[in-house]
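**Student:** what's the 3D shape of this:
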Amino acid sequence: MKIKLVEKSVESSNNDVEIIFVKSLDSVDDKETLEILDFKAKDEACVLLAESKKIYVGYEENNYDSLAIASATAIRKLQSTKFKNAKMKLCEVLENNLKAIIEGALLGEYKFINYKSEKEKRKIELELIVNEKTPKLEKILKESKIISKAVNKTRTMVNTAPADFYPAVMAEIAQKLAKDANISCEVYGEKFLEKNKMMAMHSVGRASIHESKLIHLSYKPKNATKKIVLVGKGLTYDSGGLSLKPADFMVGMKLDKSGGCAVLSTLWAIAKLELPFEVHGIVGAVENMIGGNAYKPDDILKAKNGKTIEVRNTDAEGRLVLADCLCYAQDEIKDFDYIFDYATLTGACVVGVGQYTTGIMGNNEILKRNAVLSALKSGEYATTLDFNRYLKKAIKSEVADICNIANTRYGGAITAGMFLDNFIYDENKEKWIHFDIAGPAYVESVWGYNPYGGSGAGVRMTIKFLQNLMD
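**Tutor:** Numbering: from 1, shown residues only. I've put the predicted structure just below:
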């Protein structure tokens, strides 16, 4: 979609259709017609008046989520027609929420059609009519385009079938993104993992025909004011290993790379936005399969920091990959201010907080709550899940330092986060946050401005958190 700002004084008449936001029917020209159609000024309410070439879309609140949903709903209605060009006349309220309007439109337009034999090639052009094209509005337009593009890049990676997206492909995409954003990218294979004693990650990918890859992106602007490390779980496919998933639960497991994909796209966006921070992205790209050399329940693995892990379920593999990636990050990158990890880690998190919400865990209460606030302001849903001393006992092993699953079915998201805490060094405990994005990363239905499939969870809230550091 092509979006541009146009001043009222030079507004053209070449648009096919006008999109009109409605919070109340009282001041609407077509009030009588809309009432006959039983149109309500509610979120996701939308109607096309074809003869007058108007799309009316309802919204309830003057906030990001409500307006972004309205924008996305209107664009989807436009996509269902033959119209190619549209305009929105932005009142003061809408101008003040320009970010929501733009991101809602660009995120709502997204469709994953890579595997469709017939692809629609129609490009939509959207004019946003404003009183004056100020530098502030131009900046919002530029930034929102970059952020939306990063989210959509993540969605496409997540949605790509596992036969076409395995660790080597993920590494190639990382290199392409790095080249486009003028940042550095290093890719390491299984010999590197063995040499550096990253045997937890190495074991998970051992049975796959595709070699595991450790990806390290680095963005280092001059005069960077802070240093941030982002770590992503990149399970390009998860069969469950020898603890094989039931058939129904195996469908959709291409989603297990969502955390790693979010890290790759976020690094790209950070560089394009020229944020004044040094940022590193570490992704463990692995495929968890079965075979004669697969790692097994009862195996004892040794992670990079020397801790031993009793494997009682090979489907709890993401935390094994992250354990080594977190250790690698802390060993290779010194004096950082924050270290965040992103993973579709547990079904328990989805059960606990629903499909649309990220579970945020860590040891620093203020940092966790700032992360939640950044998520909410960016349009993502998030909540904190607190560690506690009693659940810590649930991942105790009798034969190793720690067990990769808990001895109870309860609190699974938290025990997984507490497992990862074992691989955060003491000096970094207060700098670390774990984002369990298992719920929002991939949903098999349209929700708000998110499509069926990958949502790009994690990208917007991370960028918002970094932008807040600049305030």
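**Student:** nearest residue to residue 156 other than its sequence neighbours?
**Tutor:** Residue nearest to residue 156 in three dimensions, not counting chain neighbours: residue 112, with 6.4 Å by Cβ to Cβ, 6 or more residues apart in numbering. Where you see a C-beta, it was placed from the backbone N, CA and C, and this is true even at glycine.
**Student:** from what I can see that neighbour touches residue 161, true?
**Tutor:** No - contact criterion Cβ atoms under 8 Å: residue 112 and residue 161 do not qualify, at 10.7 Å.
**Student:** Of these two, give the one with the bigger neighbour count.
**Tutor:** Each of residue 112 and residue 161 has its neighbours counted (other Cβ atoms under 10 Å); residue 112 has more, 16 against 10.
**Student:** Tell me the spacing between the residue nearest to residue 156 and residue 442.
**Tutor:** From residue 112 over to residue 442 the distance is 11 Å, taken as Cβ to Cβ, to the nearest Å.
**Student:** now do residue 256
**Tutor:** 9 Å.
**Student:** Which neighbours do these two have in common?
**Tutor:** Common contact partners of residue 256 and residue 442 (Cβ atoms under 8 Å, 6 or more residues apart in numbering): residue 344.
**Student:** quick one, which of the two is more surrounded?
**Tutor:** When residue 256 and residue 442 are compared on other Cβ under 10 Å, the one with more neighbours turns out to be residue 256, at 28 against 25.
**Student:** shared neighbours of residue 112 and residue 442, anything?
**Tutor:** 453, 454.
**Student:** Just confirm residue 3 contacts residue 141, I think it does.
**Tutor:** Yes - counting by Cβ under 8 Å, residue 3 does reach residue 141; the two are 6.9 Å apart.
**Student:** Give me the common contacts of the two.
**Tutor:** Applying Cβ under 8 Å, 6+ apart, one finds that residue 3 and residue 141 are jointly contacted by residue 102.
**Student:** Which strand or helix spans residue 20?
**Tutor:** Here residue 20 sits within strand 17-22, counting by DSSP states H and E.
**Student:** Would you tell me what the next helix or strand after that strand is?
**Tutor:** Following strand 17-22 toward the C-terminus (DSSP H and E): helix 31-36.
**Student:** Buried residues, that following helix. List them.
**Tutor:** 33, 34 (16 or more other Cβ atoms under 10 Å).
**Student:** counting contacts, what elements does whichever helix or strand comes after that helix pack onto?
**Tutor:** Downstream of helix 31-36, the next assigned helix or strand under DSSP H and E is strand 46-49. Other helices and strands packing on strand 46-49, by 3 or more Cβ pairs under 8 Å, 6 or more residues apart in numbering; DSSP states H and E, are strand 54-58, helix 64-79.
**Student:** mind exporting strand 46-49 as PDB, just the C-alpha atoms?
**Tutor:** What follows is strand 46-49 as a C-alpha-only set of coordinates in PDB (Å, rounded to 0.1, in the frame of the first residue of the first chain):
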ATOM      1  CA  CYS A  46     -18.100  -1.100   8.700                       C
ATOM      2  CA  VAL A  47     -20.300  -0.500   5.700                       C
ATOM      3  CA  LEU A  48     -19.800   0.500   2.100                       C
ATOM      4  CA  LEU A  49     -22.200   2.900   0.400                       C
END
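**Student:** can you pull the contacts of the residue nearest to residue 33 when sequence neighbours are not counted?
**Tutor:** Closest residue to residue 33 apart from its sequence neighbours, by Cβ to Cβ, 6+ apart: residue 49 at 6.5 Å. Contact partners of residue 49, counting by Cβ under 8 Å, 6+ apart, are 30, 33, 55, 56.
**Student:** and what of residue 281?
**Tutor:** 215, 216, 217, 218, 230, 231, 232, 263, 264, 266, 267.
**Student:** now the end-to-end length of stretch 301-316.
**Tutor:** 13 Å (Cα to Cα, to the nearest Å).
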